[in-house]
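Engineer: pasting the sequence and the predicted model now:
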Protein chains: 2
Amino acid sequence: MEYPSKAIENAVNELANLPGIGKKTALRLALHILKQTEENAEKLGESIITLRKNIRYCDTCFNISDEATCNICSNQRRNKEILCVVEDTKDVIALENTHQFNGLYHVLGGLINPLQGIGPSLLNIDPLIKRISESSIKEVIFAFSANIEGDTTAFYITKKLKPLGVKISSIARGIPVGLDLEFTDEVTLARSILNRTQITASE
Amino acid sequence: MEYPSKAIENAVNELANLPGIGKKTALRLALHILKQTEENAEKLGESIITLRKNIRYCDTCFNISDEATCNICSNQRRNKEILCVVEDTKDVIALENTHQFNGLYHVLGGLINPLQGIGPSLLNIDPLIKRISESSIKEVIFAFSANIEGDTTAFYITKKLKPLGVKISSIARGIPVGLDLEFTDEVTLARSILNRTQITASE
């Protein structure tokens, strides 16, 4: 594709590097930016530069943070005995939005994936073991995606945690709310029968 | 939604202002940017700021340009007797990619749309009339979207151009290549019968 100006070509190429954005969408975005005020375009550009430049991770849980210790780790009202282990920051955000969990988090920064060359040493697993052995944590919850990488990572950490004697659990696998039973795949359906939850009739 | 850091919240809000990008996609993009090198993030941010700051329009055809006269207007090998009138820069790019048109362009900057308060005076129509009356242009082609705004704009300019005695045409409306006849709407089908093209048997 030929572009009418170098500035637009450059912006389109940069925007097209973002995930899920092709050249056509990038051009649409660039033309949209051209219609904005100079101030608004500057705010967008600066926010991207600042984001990467000022990025910091919590020393305790490795979540993205503005300070050396993140809001969640430093919050005195959170339950310091339950720890939820997740892959990424976006999982912390997703879980926080449910307002159902009041414990602490630990961000691994990825899942064990031998095919992509991601071994345990590249993840924040050693700091996790150290953190649990030195603190008052009594229960560890794995909140990983329901795939091979998630299962492998949970298996590996479980083995490492065994000597510490903490309670270990994983978030429930089952039929998503709103999904018809007939459209659920067999593996999910099989797991949801195995891990059925008891219903107690109220008096 | 609550974000773990001010920088990420700010970037997500800015990115979500772009068309077709919601908060969830914006968060995905922000986390992608965090995984890039600081240099790459800076290149993306700078390209957006530079794009808006250094934007310039061709004095002749009002297309986006690096110089006072754009590459197309200053190209001596282009046919200076045919002028294609389009809504926007992206239409110029689309037409250039066909490699079928060797004339000049004129970018209106929009189409007449009374409902949105866009009248002829807000578009580059007066400069278009002036340009045609002062130059050697013999044919004007309208390449607008096939909707009411496109038809209205073509009708308005046609009336204005009448005294100048130039040849006026519009790009063909018909069945898009690859589309089944049965799925074509009636208006398109009706137009495609009215404007049928003659086939001459080769000997």
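Structural biologist: Received it, and whenever you're ready, just let me know what you need. Numbering: from 1, shown residues only, chains lettered A, B, ... in the order given.
Engineer: CA atoms for contacts and neighbours, from now on please.
Structural biologist: Will do.
Engineer: any part of the biggest helix by length in chain A near chain B?
Structural biologist: When chain A is parsed with DSSP state H, its longest helix is helix A:38-53. Yes. Using C-alpha under 8 Å from any C-alpha of the partner chain, helix A:38-53 reaches chain B at A:38, A:41-53.
Engineer: who are the contact partners of whichever residue of chain A sits closest to chain B?
Structural biologist: Closest approach between chain A and chain B, counting by C-alpha to the nearest C-alpha: residue A:45, at 4.0 Å. Residue A:45 makes contacts with B:44-49, as judged by C-alpha atoms under 8 Å, 6 or more residues apart in numbering or on different chains.
Engineer: now do the helices in chain A.
Structural biologist: A:6-15, A:23-34, A:38-53, A:71-74, A:89-98, A:125-134, A:148-161, A:186-194.
Engineer: count of neighbours near residue A:142?
Structural biologist: 22 (other C-alpha atoms under 10 Å in any protein chain shown).
Engineer: beta-bridge partners for it, please?
Structural biologist: Counting by DSSP bridges, residue A:142 is bridged to residue A:85, residue A:170.
Engineer: just residue A:106 next, same as before
Structural biologist: Beta-bridge partners of residue A:106, as defined by DSSP bridges: residue A:85.
Engineer: contacting residues for the residue lying closest to residue A:146 once chain neighbours are set aside?
Structural biologist: Excluding the flanking residues, the one nearest residue A:146 by C-alpha to C-alpha, 6 or more residues apart in numbering or on different chains is residue A:173, at 7.4 Å. With contacts defined as C-alpha under 8 Å, 6+ apart, residue A:173 is in contact with A:146, A:188, A:191-192.
Engineer: between those, which is closest to residue A:30?
Structural biologist: Nearest to residue A:30, judged by C-alpha to C-alpha, of the contacts of residue A:173 is residue A:146 at 37.2 Å.
Engineer: tell me the pLDDT at the closest one?
Structural biologist: Residue A:146 is assigned 87 on the pLDDT scale.
Engineer: check residue A:133 too.
Structural biologist: 92.
Engineer: please apply the same query to the one 4 residues further on.
Structural biologist: Reading off the per-residue confidence, residue A:137 sits at a pLDDT of 93.
Engineer: ok, residue A:61 next?
Structural biologist: At residue A:61, pLDDT is 93.
Engineer: wait, it touches residue A:74, no?
Structural biologist: No. Counting by C-alpha atoms under 8 Å, residue A:61 does not reach residue A:74; the two are 10.7 Å apart.
Engineer: comparing those two, which residue is more hemmed in?
Structural biologist: residue A:61 (23 against 12).
Engineer: so how far is residue A:83 from the more buried one?
Structural biologist: Per C-alpha to C-alpha, to the nearest Å, residue A:61 is found 10 Å from residue A:83.
Engineer: common neighbours of the two, please.
Structural biologist: With C-alpha under 8 Å, 6+ apart as the test, residue A:61 and residue A:83 both reach A:105-106.
Engineer: got the domain ranges for chain A?
Structural biologist: A:6-54, A:57-170 (automatic domain parsing).
Engineer: check the offset of the last one from the chain's centre.
Structural biologist: Distance of domain A:57-170 from its chain centroid, counting by C-alpha atoms, centre = their mean, to the nearest Å, is 10 Å.
Engineer: name the residues that touch stretch A:130-140?
Structural biologist: A:60, A:80-85, A:164, A:166-169.
Engineer: and with 6 Å instead?
Structural biologist: Under the criterion C-alpha atoms under 6 Å, 6 or more residues apart in numbering or on different chains, residues A:81-84, A:166-168 lie in contact with stretch A:130-140.
Engineer: and stretch A:192-203, what's buried?
Structural biologist: When neighbours are counted by 16 or more other C-alpha atoms under 10 Å in any protein chain shown, no buried residue of stretch A:192-203 is found.
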